[in-house]
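**Q** Everything below, folded, please.
(one chain, ligands or ions: 1)
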Amino acid sequence: MYYRDRSENTMGLERSRSPPNRDIEITDVQTTVVGGNYEWIFVRIYTDAGVTGTGEAYWGHGVESAIREMEPLLLGENPLDIDRLYSHLIERTSGQGSIAGTIVTAISGIEIALHDIAGKVHDMPAYQLLGGKYRDDVRVYCDAHAGEHASSLDANEISPEDIYSPESYVDAAKDVVAEGFDALKFDLDVPSSHVKDRANRYLRHPEIDNMVDIASAVTEALDDDVDVAFDLHWTWSADSATRLAKQLEPYDVWWLEDPVPPENVSIQREVTRSTSTTIVSGENRYRSDGERGLIEQKAVDIIHPDMPKTGGMRETQKIADLADMYSIPVALHNVSSPLATVAAAHVAASIPHFLALEYHSRDVDWWPDLVEGPVIEDGSIAVPEKPGIGITLDMDEVADHMLDGETLFDEE
Ligand SMILES: [Mg+2]
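**A** Numbering: from 1, shown residues only. Predicted structure coming up:
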């Protein structure tokens, strides 16, 4: 990796001046990757004070190697200067793509590890470093899938509408609620026998009718205290998305997520402003500047960043601060292991206008075993009071699920 030359500006201090108990240096940066339903990329930063911090970056090609290649930019630096080191990494990797993309994701994992170190050195939980908390417990929404009824059907008679039936969604929703969640999300961009051309981004009326049947069945089957969102994964044209969103207006849809491709903010705004159905986007954008257009143009009703992807804990808080100026609440997209999920819960606790944090690993039964102690209980996360992120990886579980070729961290 080619960094900007060291003689160029590197965000201020050559060497920070701190009292002896906070005059510490980064001595090592290690990574390892666990294969869950996504790749969970862990980074551990070691210091000469004997304190280590562990972070996690969102999955992505080259993220782990990017973290490793940034090690020379961190060695000898004081890990307590979180913002300065974050800016330092962003600036030094600007030619590599630190405006948006996997370089930002790599820096996000490092930034979380720095918060873990700082919390341990200051003997306070990470949320306290973010200005304190608005809530003790963070509401979690569970990503869920339907369609398992297919096995009971005659293979000759089967159609996508049979597999992804409203009944299968209702049954899955009731299962998730029975597991303690009062907030959930389903994919609504399901296969359909009515599609004429999958590439043209056009929703035909029978496809819309099918989606409305699913959404209405789920929302009407659940109690009013349960919230249900639906994801469209950037699939449709503005016209199609608007027709669907308007037909969903009579139903109690919590939000409709990513109806149109993510690049064009003005098109996103057009859809959002054309319907009373709540529209959400933001998971494919990076840093506060990347989310800024959606917020300033009121192109979303709820902003939906992914903390360990978009820049880390402080950057997500900056996105939330900007959104608050425009009266836009925050939900947090998340597909991480328990480590970054809990780190995101610290951020969520520090945001006043926060709605819910995603849990996306219902199908991975060892997800909670990756860390010591409970994570999600009764659909929420009790924000840890231990120093730092306040959660410890179970290294035996990490070893069991590490990808081939990965190595465990050294002892803390
Ligand atoms: Mg999504």
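
**Q** Can you give me the neighbour number for Leu332?
**A** By the measure other C-beta atoms under 10 Å, the count of residues near Leu332 is 30. (C-beta placed from N, C-alpha, C; glycine too.)

**Q** List, one by one, the residues from the protein near the ion.
**A** Asp231, Glu257 (C-beta under 5 Å from the ion).

**Q** Show me how the chain divides into domains.
**A** As assigned by automatic domain parsing, the chain contains the domains 1-124+390-412, 129-386.

**Q** Mean pLDDT for these - can I get that in TSV?
**A** Shown next, in TSV, are the domains of the chain (pLDDT from 0 to 100):
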stretch	mean pLDDT
domain 1-124+390-412	91
domain 129-386	95
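
**Q** show me what contacts the residue in the chain that the ion sits nearest to?
**A** Residue of the chain nearest the ion, by C-beta to the ion: Asp231 (4.4 Å). Asp231 sits next to Lys185, Phe186, Asp187, Leu188, Asp189, Glu257, Asp258 when contact means C-beta atoms under 8 Å, 6 or more residues apart in numbering.

**Q** For it, name its beta-bridge partners.
**A** Listed by DSSP bridges, the beta-bridge partners for Asp231 are Asp187, Glu257.

**Q** do you know how far it is from Leu184?
**A** 11 Å (C-beta to C-beta, to the nearest Å).

**Q** what comes up buried for stretch 382-390?
**A** Ala382, Val383, Pro384, Pro387, Gly388, Ile389, Gly390 (16 or more other C-beta atoms under 10 Å).

**Q** same check, this time on stretch 279-291
**A** For stretch 279-291, by 16+ other C-beta under 10 Å, it's Ile279, Val280, Ser281, Gly282, Glu283, Asn284, Arg285, Tyr286, Arg287, Ser288, Gly290, Glu291.

**Q** okay if I get those as a markdown table plus distance to Asp369?
**A** Output for these, formatted as a markdown table (distance: C-beta to C-beta, whole Å):
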| residue | distance to Asp369 |
| --- | --- |
| Ile279 | 36 |
| Val280 | 31 |
| Ser281 | 33 |
| Gly282 | 30 |
| Glu283 | 26 |
| Asn284 | 30 |
| Arg285 | 32 |
| Tyr286 | 31 |
| Arg287 | 33 |
| Ser288 | 35 |
| Gly290 | 34 |
| Glu291 | 33 |
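
**Q** Now, those that are in helices?
**A** Per DSSP state H, helices hold the following members of these: Arg287, Ser288, Gly290, Glu291.

**Q** How many residues are close by the nearest residue to the third one once chain neighbours are set aside?
**A** Taking C-beta to C-beta, 6 or more residues apart in numbering, and ignoring the residues beside it in sequence, Gly290 has Ala100 as its nearest neighbour in space, at 5.3 Å. With neighbours defined by other C-beta under 10 Å, the count for Ala100 comes to 16.

**Q** again, but for Arg17
**A** Neighbours of Arg17 using other C-beta under 10 Å come to 7.

**Q** Quick one: residues contacting the nearest residue to Phe230 once chain neighbours are set aside.
**A** Closest residue to Phe230 apart from its sequence neighbours, by C-beta to C-beta, 6+ apart: Leu188 at 3.9 Å. Contacts for Leu188 were tallied using C-beta under 8 Å, 6+ apart; they are Met211, Ile214, Ala215, Phe230, Asp231, Leu232, Leu256.

**Q** gap between the fifth one and Val280?
**A** I take that to be Asp231. 9 Å.

**Q** Now for the two: what residues contact both?
**A** Glu257, Asp258.

**Q** Give me the three-state assignment for the closest residue to Asp258 other than its chain neighbours.
**A** Take Asp258 and drop its neighbours on the chain: the residue closest to it by C-beta to C-beta, 6+ apart is Trp234, 4.8 Å away. Using DSSP: H, G, I helix; E, B strand; the rest coil, the structure places Trp234 in coil.

**Q** Glu257 is in contact with Trp234, correct?
**A** No. Contact between Trp234 and Glu257 fails when scored by C-beta atoms under 8 Å: they sit 9.3 Å apart.

**Q** Show me which of these two is the more surrounded one.
**A** Glu257 (26 against 19).

**Q** from what I can see Trp41 touches Val33, true?
**A** One correction, residue 41 is Ile, not Trp. Yes. Under the criterion of C-beta under 8 Å, Ile41 makes contact with Val33 at 5.2 Å.

**Q** Between those two, which is the more surrounded one?
**A** Ile41 (29 against 20).

**Q** what does stretch 124-135 rub up against?
**A** With C-beta under 8 Å, 6+ apart as the test, stretch 124-135 has contacts from 82, 115-116, 118-119, 122, 313-314, 317, 343, 346-352, 354, 383-390.
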